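Asker: what's the 3D shape of this:
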Amino acid sequence: MESIVLRALIVYVLVFIILRMAGKRTLGEMTAFDLVLLLIISEAVQNALVDDDKSITGSILVILTLVFADILVSLATNRFRMVDSIVNGIPLIVLENGKPLKDRMQMARLQEDDILEAARRSQGLESLTQIKYAVLEKDGSISIIPFRGNDNPASPGTTPET
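Answerer: Numbering: from 1, shown residues only. Below is the predicted model:
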């Protein structure tokens, strides 16, 4: 039984590392390809978890081990900020004052179209110049902070309100 627990913990850590390396956007918005990949991974992992043990006890032990490991990770991320940033990442500004930060976007595998889509959905904005900040959040979503009133440098001829 201890080999099942050890295998479950090893698989948990390895799958976590692989998914973390895949990036935030992979987890933030799943495509049909991502779903198929996830199903294939789950099938491959199943064999590594239980090996030849087809018993209900073995399956329950694997489930309990994975849930316990997940609870421990959750507790650690809530208690320690550094663990949270390692496990969940940190928000990343990918556009500032209407200008894409190309190196960050490339690192996150984002395109300008992704930012524009988020801007249209959340704020009804039509161009990058209307966006003060675009932030790739920890969960892979993109938050849009639009320019407000007079703070848009792309709006010539505006004067501060008194």
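
Asker: what's the host helix or strand of Ala44 packed up against?
Answerer: Assigned by DSSP states H and E, Ala44 falls within helix 32-50. Judged by 3 or more C-beta pairs under 8 Å, 6 or more residues apart in numbering; DSSP states H and E, helix 32-50 is in contact with helix 2-22, helix 56-79. Every C-beta, even on glycine, is put in place using the N, C-alpha and C of the backbone.

Asker: ok, which of the ones you listed comes nearest Arg121?
Answerer: helix 2-22 (23.2 Å; C-beta to C-beta).

Asker: ok and that closest one relative to helix 32-50, angle-wise?
Answerer: Helix 2-22 runs at 160 degrees relative to helix 32-50, counting by axes from the mean of the first three to the mean of the last three C-alpha atoms, to 10 degrees.

Asker: just the buried residues of helix 2-22, please?
Answerer: Buried positions in helix 2-22, judged by neighbour count with 16 or more other C-beta atoms under 10 Å: 4-5, 7-8, 11-12, 15.

Asker: repeat that for stretch 59-71.
Answerer: For stretch 59-71, burial by neighbour count (16+ other C-beta under 10 Å) applies to 61-62, 65-66, 69.

Asker: quick one: the helix holding Ala44 to helix 56-79, angle?
Answerer: Per the same axes, to 10 degrees, the angle that helix 32-50 makes with helix 56-79 is 120 degrees.

Asker: go through the helices and strands packed on helix 32-50 and name the closest to Thr129.
Answerer: Closest to Thr129 of those, according to C-beta to C-beta: helix 2-22, at 31.5 Å.

Asker: only alpha carbons, please: show that closest one as CSV.
Answerer: What follows is helix 2-22, C-alpha atoms only, in CSV (Å, rounded to 0.1, in the frame of the first residue of the first chain):
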residue,chain,number,x,y,z
GLU,A,2,2.8,2.4,0.7
SER,A,3,4.0,2.1,-2.9
ILE,A,4,0.6,3.3,-4.1
VAL,A,5,0.8,6.4,-1.8
LEU,A,6,4.3,7.1,-3.0
ARG,A,7,3.4,6.6,-6.7
ALA,A,8,0.4,8.9,-6.2
LEU,A,9,2.5,11.6,-4.7
ILE,A,10,5.2,11.4,-7.4
VAL,A,11,2.6,11.5,-10.1
TYR,A,12,0.8,14.5,-8.4
VAL,A,13,4.1,16.4,-8.3
LEU,A,14,5.1,15.6,-11.8
VAL,A,15,1.7,16.4,-13.4
PHE,A,16,1.7,19.7,-11.4
ILE,A,17,5.2,20.6,-12.7
ILE,A,18,4.3,19.7,-16.3
LEU,A,19,1.0,21.7,-16.2
ARG,A,20,2.8,24.6,-14.5
MET,A,21,5.5,24.6,-17.2
ALA,A,22,2.7,24.7,-19.8
